[in-house]
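A.B. asks: Just to be clear, the model below is a prediction. Sequence and coordinates:
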Amino acid sequence: MARVTRSFSEAGVLVHAYLMYGFPTQTVQDTVDALEYVRQLFAAGCIQSGFFHRFACTVHSPVGLNPAEYGIKLKALPPITFATNDVEFTDPTGVDHDNMGKALNKALYNYMHGIGLDANVRSWFDIKVPKTTVPRDFIARALARR
């Protein structure tokens, strides 16, 4: 993926990353690691813009149809009779995905403007988060393999 996005960028095609967070069972560590991958992609010039979208469980999706397989419990649907698609769920991780989203979007906004690309990804979070487990040269090493 790093080599493909870099090739598009080198050819003058702007690359926008549609990113997702808050998937059932996604941990704080997973979120911090995801942001580190994204930071590296921006720093390497592989992507020029992006947006983190919050996962939404829908009633007819694999997650909505089989919540136990994803370790979640669905909340009762509201008494709406038309176009009830999204269903709230209880995630056993207890992660505050709303708080995570604020940090992710703040980081992305800055990365798109070339700001903070050398900063530790933990600096974007208002809460204490773990160190990333992603090596700081992960994307650079992927790009070097041609």
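C.D. replies: Everything's here; your move.
A.B. asks: residues contacting the nearest residue to residue 117 once chain neighbours are set aside?
C.D. replies: Once flanking residues are discounted, residue 117 sits nearest to residue 43: 4.4 Å by Cβ to Cβ, 6 or more residues apart in numbering. Backbone N, C-alpha and C define where each C-beta goes, glycine included. Residue 43 sits next to 117, 118, 139 when contact means Cβ atoms under 8 Å, 6 or more residues apart in numbering.
A.B. asks: Likewise for residue 97?
C.D. replies: Residue 97 sits next to 21, 22, 26, 54, 55, 91 when contact means Cβ under 8 Å, 6+ apart.
A.B. asks: Next: residue 110.
C.D. replies: So residue 110 contacts 116, 124 (Cβ under 8 Å, 6+ apart).
A.B. asks: Now it: which helix or strand?
C.D. replies: Taking DSSP states H and E as the definition, one finds residue 110 inside helix 97-112.
A.B. asks: so after that helix, what's the next helix or strand?
C.D. replies: Helix 97-112 is succeeded, C-terminally, by helix 138-144 (DSSP H and E).
A.B. asks: And that next one, what's buried?
C.D. replies: 138, 139, 142, 143 (16 or more other Cβ atoms under 10 Å).
A.B. asks: Next one, pLDDT for the nearest residue to residue 5 once chain neighbours are set aside please.
C.D. replies: Distances taken as Cβ to Cβ, 6+ apart place residue 46 nearest to residue 5, at 4.0 Å, with adjacent residues excluded. For residue 46, the model assigns a pLDDT of 97.
A.B. asks: what's the answer for residue 91, then?
C.D. replies: 84.
A.B. asks: Please name the residues that touch it.
C.D. replies: Contacts of residue 91 by Cβ under 8 Å, 6+ apart are 24, 25, 71, 72, 97.
A.B. asks: now residue 63
C.D. replies: 24, 57, 70, 72, 89.
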